[in-house]
Each structure stands twice: as structure tokens, then as C-alpha cells.
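Peer 1: Show me how the following folds:
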Amino acid sequence: MQNPYEWDAQKKFVKEANLFLREIRKHLIEKHLFTKENQSLEKAIWMLSLSALDSGIEILEGLKKNKIHVVSHLLRHIKESLELAKFFSLNTKKSSEKVVKWFNGEFISYRHYREYIRDELKDLTKFNSLRNEYEELSKFNHNNYFTLLLNYGLGLNDSLHHHGRFDSGIAIPPNTISLYHSYAAHYILNMAFEISLLKLISISELLDFIGDQNLNKEVKRRFEIKNQRR
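Peer 2: Below is the predicted model:
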């Protein structure tokens, strides 16, 4: 999103992103079919990708209704689902063994993907970037003080007012709403291209879905900071 502070831009983003993700999900559902007994790598990647897409769509529904608490928790679910899918897609001896265990109902950590980046590829820059990004998202799930503050506005004498004070959602700080729209835009776009890298959909098909929306008119800014002459 180029201008997340604009309400019209927020509505436009939610509408376009919702159509975009639903097209991708429809494609994955219609183009791939697996039986319950199937325990292939392709099925595992497919299911994890659909799980991420479901979370993305639920995030957009949450943004529509200003349910920011739901949005913050689902962002991390997208990342965990796709990192596990990317780990499985490596098709190494270790990842293949983990796929079998996953189908047997065992918990397989998304951390295996980051560990592969660090231990096998020796790419510490990428490893640290992935780890730092995950730690930032985890602050929303683990009750970090500053992320909890996003749920409050300031009243007289800096008194805290929780956003649930009014059922309409009017008490949610505008900067908080904008922040979540920016997060959602980042993770939804990344998710789409990562699903393409997992070979469930092609880049050209993704671009077609964007073009088919025919909603690419830019929202005019209503608020703008102008340079002041001194």
C-alpha cells in the first residue's frame, strides 16, 4: 500500500486483495486434487499453502470490521505455514522424513527452514533477516507491552482508553489501523509470490489475476504533508 493512512485506499486494498487471494485459492482448489490417503510432498505443500491463503482472507475480513486483535495473530500463521511448506519443498533426506512424520500427525517446526538456510546454505544474512522478522511478529502473540499499547488511544492526561470502549471501533487509533493494513499488504503480496515459487501457480497466472480485477486506479490522496518554505 502506497498510502495506508487514507481510508479510501484502505477500502480499495481490502477489496482488491480479497479478490486476488480468492482467485488464487480457487485456482489451487480446482487445479489440484488429492485423496485422503495420499501422503505426497505435493499434497503437503498444497494444504499448507491453502492454510496460509485462508488466513490471508480472514485477515482481510478482520480489517473490514477493524478486528485488529484477530489480524495480528493470523499474520504469524501465514509465515509459519509457508516456511514449513518451503522446508518440505527442499526435498532433502531430512525434509522428506519430516513430511512422513507430518502426515502421521507429528508436530514439525517451521524453524527447520531457517536452520537449513543457516546450516546448509551458510547464509547468515538471510537467516538473521527471517529470524528477526519472525520475532517482530511474535511480539503480537506474546503480549509485548508496546504491541499491546496499539490497542489503546490516549485521553486526558495521557490516560489509556482501550479500543473496545465503543462497539463501533471508532476508538481504534488511526495509526494502528494503518499499521495493520501495511502489514497485511506486505504479507499478502509475499505469500502470493511464495506460493508461485512452490510451483502451485505460475507468475503469469498471478499477474493475470491482478489484471482481471480492473481496479488499478490509484486513490487520490486527501491528506498530504506539504513542504514548508523557511
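
Peer 1: what's the offset of stretch 32-47 from the middle of its chain?
Peer 2: How far stretch 32-47 lies from its chain's middle: 23 Å, per Cα atoms, centre = their mean, to the nearest Å.

Peer 1: again, but for stretch 159-175
Peer 2: 24 Å.

Peer 1: Dump it to PDB, restricted to CA.
Peer 2: Taking Å, rounded to 0.1, in the frame of the first residue of the first chain, the C-alpha atoms of stretch 159-175 are listed here in PDB:
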ATOM      1  CA  SER A 159      -5.000   8.200  30.300                       C
ATOM      2  CA  LEU A 160      -5.300   5.000  28.300                       C
ATOM      3  CA  HIS A 161      -8.600   4.200  26.600                       C
ATOM      4  CA  HIS A 162      -9.000   0.600  25.200                       C
ATOM      5  CA  HIS A 163     -10.400   0.400  21.600                       C
ATOM      6  CA  GLY A 164     -13.300  -1.700  22.900                       C
ATOM      7  CA  ARG A 165     -14.700   1.200  24.700                       C
ATOM      8  CA  PHE A 166     -17.100   1.800  21.800                       C
ATOM      9  CA  ASP A 167     -18.500  -1.200  19.800                       C
ATOM     10  CA  SER A 168     -18.300   0.800  16.600                       C
ATOM     11  CA  GLY A 169     -14.500   0.600  16.600                       C
ATOM     12  CA  ILE A 170     -14.200   4.400  16.500                       C
ATOM     13  CA  ALA A 171     -11.800   4.300  19.400                       C
ATOM     14  CA  ILE A 172      -9.100   2.400  17.500                       C
ATOM     15  CA  PRO A 173      -6.200   4.700  16.800                       C
ATOM     16  CA  PRO A 174      -5.900   5.500  13.100                       C
ATOM     17  CA  ASN A 175      -2.100   4.800  13.200                       C
END
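
Peer 1: From the rest of the structure, what touches that stretch?
Peer 2: The contact list for stretch 159-175 (Cβ atoms under 8 Å, 6 or more residues apart in numbering) reads Tyr5, Lys65, Asn66, Ile68, Leu150, Asn151, Tyr152, Gly153, Leu154, Gly155, Thr176. Where you see a C-beta, it was placed from the backbone N, CA and C, and this is true even at glycine.

Peer 1: Fine, thanks again, bye for now.
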